[in-house]
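*Asks:* Below: sequence and its predicted model.
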Amino acid sequence: MSAPLVRASVTLPNEQGLHARPSAMIVRTANRFQAVVTMRVGERSADCKSIMEVLMLASPRGTLLAFEASGMDADAAVQALTTLVGSGFGE
Amino acid sequence: MERLKGITVSDGIARGVAVIVGSVDREVPEVQVSRGQVPRELARFDAAVVAVAAEIETLKEATRAALGDVSEIINTYLAFLGDEISILRPIRRLISEDRSEAASAVVRHFRALTDELRGLPEPLPSRIPDLLDIQRRLVERLQGVAALTLANKLPKNSVIIADDLTPTQAASLDRSRVVGFATAHGGPASHTAILARHLGIPALVGLGSALGTVTAGATVIVDGFFGDLVVAPDAATLRNAQSRMRRLQQKAHGEVGEACTRDGTQIELHGNIDSDLGARELKSLGVSGIGLHRTEYLFLGREHAPSEDMQLQHYARLLRSMAPRPVVIRTMDFGSDKWDPRIQAGREPNPALGLRSLRLSFAYGDIFKTQLRALLRAGVHGNAKVLFPMVTDVEEFGRARAALRDAMEELRREGLPFREDLPVGAMLELPATALLADSLFAEADFVSIGSNDLIQYALAVDRTNPEVAALFVPHHPGVLRLMQLAVQAARTARKSITVCGEVAGMSRYTPLLIGLGFTSLSMAPSRLRDIAEATRACNVPACRELAEAMLAAPGPLAADKLLDAFHGERPKRATRRG
């Protein structure tokens, strides 16, 4: 049951924080994978496949986003998400 | 026959069939189903989600053509519709556990979601309109109401009746079948108004809850001249409307024609445009130039402010297509009735007196500077002029000019080409500005009167409020005296002044404006022919006499009588104008 957790953190670089467009991009990226992916901001966390949960974190620029994934493609999922965030969502 | 009073945001007259577009406030009764019906409700809900997602997907292309790139909004919509955890599963749970009928389960859950968002800090509340739009689409599917997005279902000569149109609705209309709009809410900058002006068809807003009494399929007349929506018109009203429509259509062909009074005073006619669509056509109509290019369009439906390069390309294209004629580009004018998701002005208790227009641009200095840099760089591509919105006095104007100088300094350091001597003007929209017009002209290269706001602030009337909209009158002597101060100051300073609010495009007021001394008017392109014709009928001394009498009138009723007398007897007014 307890699959190994893959973890990686990245700082949110884009000016306007995690608003609708980047949130939708996170969800779309997470949905490409089987893995369950969670994003933690401090004490709070969101399922990366739920745009409402991701939006509710209301993260401003400079927030440290900690991704955690479990499942067979967890590595690839975390890799894809940290790359996406690190690139500033192509903004 | 019934006559509903609205506010004209796009002029013209049209007769058509009422098409009611589903509203957010559609009544959805709380209905419980029997246990046996639960699987059916679940299946209906899942089918509705799939159908709405497909509907939104097909909008991507249509919307791109009509409103620029709104795929960002649409991707967000699709993400909401695919959100199992926070949206789909909770609704299915309401259906299976509470035995809620599918549509009422949707409404219950979305109400809970929007209530939660409303209490959270920005930008979360900004997503509420998106959620309401998705809710509306789901409910319409589930209740079998024809969604407006099914453009092919519109009957010919549709008059769209709605609370207000969302950007996706406005974009997805089959325009060849729509002849007019009437909405309960919305203002001159609503999507409905912008689209209607672009299409050159009449639109009324602010009809309020009375609009709920209009039944689908009823014959209606949208009368932009009087601001009336006539429901089930009687034979005489219909005949009158049709003859006016015919005359307008006859005028709609060929060039605008000379705008010169009978006694030889040339009046410059300019076009107002919201986007770069139609600029070429404007030039072929023979206008003097573009008197007001509103730039809010560039910002609508985007998650981010448009980049400097994107703006530069847009302005340069517009300038090249109009060159050598002048194009007055107004810097972003948000706040009050114009709303943008990045700029949270709508949440003030009194937005018309709040952080809006130029004040808002100062508060969002980065976005403002990007626009100024783009304008300066675009200036080398044609005859550009920059206009700052709602300038209060020369000191505030100086601050805006300083921002422009800073942008120039930056461009110089970066070695980018730009136009150094860009003419800079001020929009006169406040009574205080009119009273101080002489000092403003010491600094401003030109002035444009925004009559809509000038009237609003002079008379303390919000024309989108149906309770007081009837008090919104351009011919109020108090308003006319303010305009007179402005035009006199322009003459003394030997600088140009243009009227570019809606009054400039209403032929009833053309003799009055000429009489006050204005020689430059800017209006929606669809109004140009009518105003050129009205100008040709004018005789300056008679116009001046009219203006003087109206300036001396004690109030709006007396002034209106004088104007009626000038135009001939009142009952003929509707037919005479054509």
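*Replies:* Ah, there it is. All values reported here derive from a predicted model rather than from experimental measurement.
*Asks:* Please list all residues in contact with the residue in chain B that chain A sits nearest to.
*Replies:* Proximity of chain B to chain A (Cβ to the nearest Cβ) peaks at residue B:86, 3.4 Å away. No exception for glycine: its C-beta is placed from N, CA and C like everyone else's. By Cβ atoms under 8 Å, 6 or more residues apart in numbering or on different chains, residue B:86 lies in contact with A:50-53, B:113.
*Asks:* Return the residues in contact with the closest residue to it other than its chain neighbours.
*Replies:* Among residues not flanking residue B:86 along the chain, residue A:52 sits closest, at 3.4 Å (Cβ to Cβ, 6 or more residues apart in numbering or on different chains). Neighbouring residues of residue A:52 by Cβ under 8 Å, 6+ apart: B:80, B:83, B:85-87, B:113.
*Asks:* Mind checking which of these are in strands?
*Replies:* Using DSSP state E, no member of those falls in strands.
*Asks:* all helices for chain A, in order.
*Replies:* Per DSSP state H, chain A carries helices over the ranges A:20-30, A:51-56, A:74-86.
*Asks:* ok, the residue most central in space within chain A to residue B:125 distance?
*Replies:* In chain A, the centroid-proximal residue (Cα atoms, centre = their mean) is residue A:39; its distance is 4.9 Å. Separation of residue A:39 from residue B:125 (Cβ to Cβ, to the nearest Å): 22 Å.
*Asks:* Show me what from chain A comes close to chain B.
*Replies:* Residues of chain A lying close to chain B (Cβ under 8 Å from any Cβ of the partner chain) are A:16-17, A:19-21, A:23-25, A:27-28, A:31, A:47, A:49-53, A:55-56, A:58, A:91.
*Asks:* quick one: strands adjacent to the longest strand seen in chain B?
*Replies:* When chain B is parsed with DSSP E, its longest strand is strand B:13-20. As defined by DSSP bridges, the strand partners of strand B:13-20 come to strand B:158-162 (parallel), strand B:219-223 (antiparallel).
*Asks:* can you list those strands in a markdown table and add distance to residue B:524, mean pLDDT and mean neighbour count?
*Replies:* Shown next, in a markdown table, are the strands paired with strand B:13-20 (distance: least, Cβ to Cβ, whole Å; pLDDT from 0 to 100; neighbours: other Cβ atoms under 10 Å in any protein chain shown):
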| stretch | distance to residue B:524 | mean pLDDT | mean neighbour count |
| --- | --- | --- | --- |
| strand B:158-162 | 19 | 90 | 26 |
| strand B:219-223 | 15 | 94 | 25 |
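*Asks:* Take those strands and write them to TSV, including distance to residue B:199.
*Replies:* TSV is the format used below for those (distance: least, Cβ to Cβ, whole Å):
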stretch	distance to residue B:199
strand B:158-162	11
strand B:219-223	13
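*Asks:* Now do the same for the residue of chain B closest to chain A: its pLDDT.
*Replies:* Residue B:86 carries a pLDDT score of 93 in this model.
*Asks:* and what of the one 3 residues further on?
*Replies:* As predicted, residue B:89 sits at a pLDDT of 95.
*Asks:* sec struct for it, please.
*Replies:* Taking DSSP: H, G, I helix; E, B strand; the rest coil as the rule, one finds residue B:89 in the helix state.
*Asks:* Run a quick neighbour tally on residue B:401.
*Replies:* Neighbour count of residue B:401, defined by other Cβ atoms under 10 Å in any protein chain shown: 17.
*Asks:* and what of residue B:30?
*Replies:* 12.
*Asks:* Contacts only, for residue B:279.
*Replies:* So residue B:279 contacts B:273, B:290, B:318, B:321-322 (Cβ under 8 Å, 6+ apart).
*Asks:* go on, residue B:20?
*Replies:* B:161-162, B:214-216.
*Asks:* most surrounded residue in the contacts of residue B:86?
*Replies:* That'd be residue A:51 among the contacts of residue B:86, by other Cβ under 10 Å, with 29 neighbours.
*Asks:* pretty sure it contacts residue A:24?
*Replies:* Yes - Residue A:51 sits in contact with residue A:24 when judged by Cβ atoms under 8 Å, with a separation of 6.1 Å.
*Asks:* Tell me which two in the contacts of residue B:20 are the farthest apart.
*Replies:* The span of the contacts of residue B:20, defined through Cβ to Cβ, is set by B:162 and B:215 at 14.5 Å.
*Asks:* quick one on the thing from earlier: kindly reformat the helices of chain A as TSV and extend each row with mean pLDDT and distance to residue B:433.
*Replies:* What follows is the helices of chain A, written out as TSV (pLDDT from 0 to 100; distance: least, Cβ to Cβ, whole Å):
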stretch	mean pLDDT	distance to residue B:433
helix A:20-30	90	38
helix A:51-56	92	42
helix A:74-86	93	47
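*Asks:* Out of those helices, the one nearest residue B:221 is which?
*Replies:* Smallest distance to residue B:221 across those (Cβ to Cβ): 40.5 Å, for helix A:20-30.
*Asks:* how much does the closest one deviate in direction from helix A:74-86?
*Replies:* Inter-element angle recorded for helix A:20-30 and helix A:74-86: 160 degrees (by axes from the mean of the first three to the mean of the last three Cα atoms, to 10 degrees).
*Asks:* hmm, who's touching helix A:20-30?
*Replies:* A:14, A:18, A:37, A:39, A:48-51, A:54-55, A:77, A:80-81, A:84-85, A:89, A:91, B:72-73, B:75-76, B:78-79, B:82-83, B:123, B:126-127, B:130, B:303-304.
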